[in-house]
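J.: sequence and predicted structure, then a few things I'm wondering about:
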Amino acid sequence: MALKSLLGLGLLIGCIALPLAQAQLVGLGGLLGPNFGLLRIQGVLFCTSNGNVGVNATATPVFPNALVQLQCGGNVVSTATTDGSGVFSILMDPVNLLLSTLLSGCRLAVNTPLASCNASLPSVGGLVSNLQFIGNTVTGLMNVANLIPTGFQFNANLH
């Protein structure tokens, strides 16, 4: 009889404690807001003088194998290389970098010469873009803050 009571008590505690533990984790994510989880910066780089899609969404070639740098305060904090479709993605741990810092003190820079994807484009300089927050994606208990480039601009002085 004592064994049944002990087993019943253990089951009852387990049924109450597990939902409470999960609620505390969700609550912790709510306290930390969009900075609990990951920061994802992604986009597509096009082979144009400004790295953006052409006028009226005309067929614009992409910029494959370009090195995209995340620069904060003049320092490179992360990099990604565009794939064959011009797509890049950078994942960051928000413990190392806050969302507010990314939006105000960081930028994307592409130092790969534009001439490497189109010989008629400049062989010096590069592309730069600020970042824009577009929303969160929740996967289980993980909150992912999504950022995109605001629009690349050519900078002749970029090295």
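T.: Yep, it's here. Numbering: from 1, shown residues only.
J.: average model confidence for the helix or strand where residue 71 lies?
T.: In this structure, residue 71 sits in strand 67-72 according to DSSP states H and E. When pLDDT is averaged over strand 67-72, the result is 96.
J.: in that strand, what's buried?
T.: 68-71 (16 or more other CB atoms under 10 Å). C-beta coordinates here come from the backbone N, C-alpha and C atoms, glycine included.
J.: tell me which strands it pairs with, and in which orientation.
T.: In the sheet containing strand 67-72, its partner strands are strand 75-81 (antiparallel), strand 106-110 (antiparallel), by DSSP bridges.
J.: packing partners for the helix or strand just after the first one?
T.: Towards the C-terminus, the helix or strand next in line after strand 75-81, according to DSSP H and E, is strand 87-92. Secondary-structure packing of strand 87-92 (3 or more CB pairs under 8 Å, 6 or more residues apart in numbering; DSSP states H and E): strand 37-44, strand 67-72, strand 75-81.
J.: ok, residues contacting strand 87-92?
T.: Residues outside strand 87-92 that contact it (CB atoms under 8 Å, 6 or more residues apart in numbering): 38-45, 66, 68, 70, 77-82, 102.
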